[in-house]
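K.L.:
What shape does this take:
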Amino acid sequence: MTANPTHLVVGPPRHGVVTFALDLAASLDRGNRPAPTVRVDDWTDLDGALDRVGRTDGVHLNFTDRLFGSTPRDAADRVVDLVGHFTSAGVRVTATLHDVPQPADGGNYHQRVAAYRTVCSAVHGRATNSEHERSLLAESKVARSADVVVVPLPLHLGEAPSSRPLVERRSVAVLGFLYPGKGHREVLAAMADLPRDVEFVAVGEPSAGHADLVEHLAESARAAGRQFTVTGYVPDEALSAAVRRVSVPIAHHRHVSASGSLNTWIAAHRRPLAPANRYTIEHAARHPGTLRLYPDTGHGMRDAIASALDDPDSTWLTADATSGSAPADTARLYMQAFDRWHD
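P.N.:
This next block holds a predicted model:
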């Protein structure tokens, strides 16, 4: 059987998980059978959207608790109800699990573990975007590694720019939504000994409820005598140009388990700095030449930023950089998994 499940995509259009889910559905090639997709912008509208799925080979979700409910338990209960709805009609439900629980989640960790365990028990097939995430699920006793398929995030290197933009002002930049734990505070602190004319740039917009972080960063930058810029939302067609204009790209996410922002830097032919941890080491091994890893300490980050400013060429991909999971590879692995899960 060649399965072609419906992709039930829940969440606001700019959310990274939603972008991934829509790109995945668009990449699947079943000849003249495009992957059916049903969009729901908010989980509060999910129940009313189930009938829009219609007859289908199956249903696939991209799950993170924050997109499916007001609390981890609420999100898990909603998925259980959804699975029950479709199972009663003989339809299987599978899920890619994002933002998987890890001890660094703090006080919310145990609630998230319970929620993800409930979801994994309810669905008929499970995937993560990294070996690191699969290991986190096993370590938290959410799901056995043997019951989870790893399908790495797609990484398309694209063509190198014909020329590099002229840098009018040196800068260090973090890409993506602004929220605590993304690394903005740590990066700004690591810039303390750099010349004051090196700007700190946040390429992106604040996550809902975190406008105060922008105010805090701006105040810290002013106290340090450093220019701080928040670009706000950058549309897809302008994103490559935006990330090519900065001097030093860095991804210091404190709780990373699979990172779309890393791949966005790399797709624009930048070679971002990143702390050495289980996920980034896995990423660097899968995609040789795409990251510059540094020891995950304040001193390690300070040295890496200073070195990159002194050697701007090191922040760009070279000809030997390689993607180990091109978009076509990711699509093929998902189609193989769907054929097993929805047989």
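
K.L.:
Which of the helices or strands spans the closest residue in space to His15 that isn't next to it in sequence?
P.N.:
Leaving aside its sequence neighbours, His15 sits nearest to Leu67 (Cβ to Cβ, 6 or more residues apart in numbering; 6.8 Å). In short, each C-beta sits where N, CA and C put it, glycine included. According to DSSP states H and E, Leu67 maps onto helix 65-68.

K.L.:
counting contacts, what elements does whichever helix or strand comes after that helix pack onto?
P.N.:
If you walk from helix 65-68 toward the C-terminus, the next helix or strand you reach (DSSP H and E) is helix 72-87. Applying 3 or more Cβ pairs under 8 Å, 6 or more residues apart in numbering; DSSP states H and E, we find helix 72-87 packed against helix 46-49, strand 59-63, helix 65-68, strand 93-97, helix 109-122.

K.L.:
Tell me which of these is the most buried.
P.N.:
Highest mean neighbour count of these: strand 59-63, a mean of 26 (counted as mean count of other Cβ atoms under 10 Å).

K.L.:
by contact count, what packs against it?
P.N.:
strand 6-10, helix 16-27, helix 72-87, strand 93-97.

K.L.:
Using JSON lines, lay out the ones you listed together with mean pLDDT and distance to Ala242.
P.N.:
Putting the helices and strands packed on strand 59-63 into JSON lines (pLDDT from 0 to 100; distance: least, Cβ to Cβ, whole Å) gives the following:
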{"stretch": "strand 6-10", "mean pLDDT": "97", "distance to Ala242": "26"}
{"stretch": "helix 16-27", "mean pLDDT": "95", "distance to Ala242": "16"}
{"stretch": "helix 72-87", "mean pLDDT": "97", "distance to Ala242": "33"}
{"stretch": "strand 93-97", "mean pLDDT": "98", "distance to Ala242": "28"}
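
K.L.:
how about a markdown table for the ones you listed, with distance to Leu273 added?
P.N.:
What follows is the helices and strands packed on strand 59-63, written out as a markdown table (distance: least, Cβ to Cβ, whole Å):
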| stretch | distance to Leu273 |
| --- | --- |
| strand 6-10 | 32 |
| helix 16-27 | 20 |
| helix 72-87 | 32 |
| strand 93-97 | 28 |
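
K.L.:
Compare those and report which one is nearest to Glu159.
P.N.:
Glu159 lies closest to helix 16-27 among those, at 19.1 Å (Cβ to Cβ).

K.L.:
now for the closest one, which elements pack on it?
P.N.:
strand 6-10, strand 37-40, strand 59-63, helix 260-267, helix 327-341.

K.L.:
Report the buried residues of the longest one.
P.N.:
Read it as helix 327-341. 327, 330-331, 333-335, 337-338, 341 (16 or more other Cβ atoms under 10 Å).

K.L.:
Contacts only, for the closest residue to Arg33 other than its chain neighbours.
P.N.:
Distance criterion Cβ to Cβ, 6+ apart; nearest residue to Arg33, sequence neighbours excluded, is Asn4 at 5.1 Å. Listed by Cβ atoms under 8 Å, 6 or more residues apart in numbering, the contact partners of Asn4 are 28, 30, 33, 35-36, 57, 338.

K.L.:
Among these, name the buried ones.
P.N.:
28, 35-36, 57, 338.

K.L.:
want to throw those residues into CSV with pLDDT and distance to His299?
P.N.:
Putting the buried ones among the contacts of Asn4 into CSV (pLDDT from 0 to 100; distance: Cβ to Cβ, whole Å) gives the following:
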residue, pLDDT, distance to His299
Leu28, 92, 45
Ala35, 92, 47
Pro36, 94, 51
Asp57, 91, 53
Phe338, 96, 46
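
K.L.:
I'd like those residues written out as a markdown table, with distance to Val79 added.
P.N.:
Putting these into a markdown table (distance: Cβ to Cβ, whole Å) gives the following:
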| residue | distance to Val79 |
| --- | --- |
| Leu28 | 22 |
| Ala35 | 20 |
| Pro36 | 19 |
| Asp57 | 19 |
| Phe338 | 18 |
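
K.L.:
For Arg134, state which of the residues you listed is nearest.
P.N.:
Relative to Arg134, the closest of the buried ones among the contacts of Asn4 is Phe338; by Cβ to Cβ it sits at 18.3 Å.

K.L.:
secondary structure element for the residue nearest to the closest one when sequence neighbours are not counted?
P.N.:
In space, not counting the residues next to it along the chain, Phe338 is nearest to Ala3; the distance is 4.3 Å by Cβ to Cβ, 6+ apart. Under the criterion DSSP H and E, no helix or strand holds Ala3.
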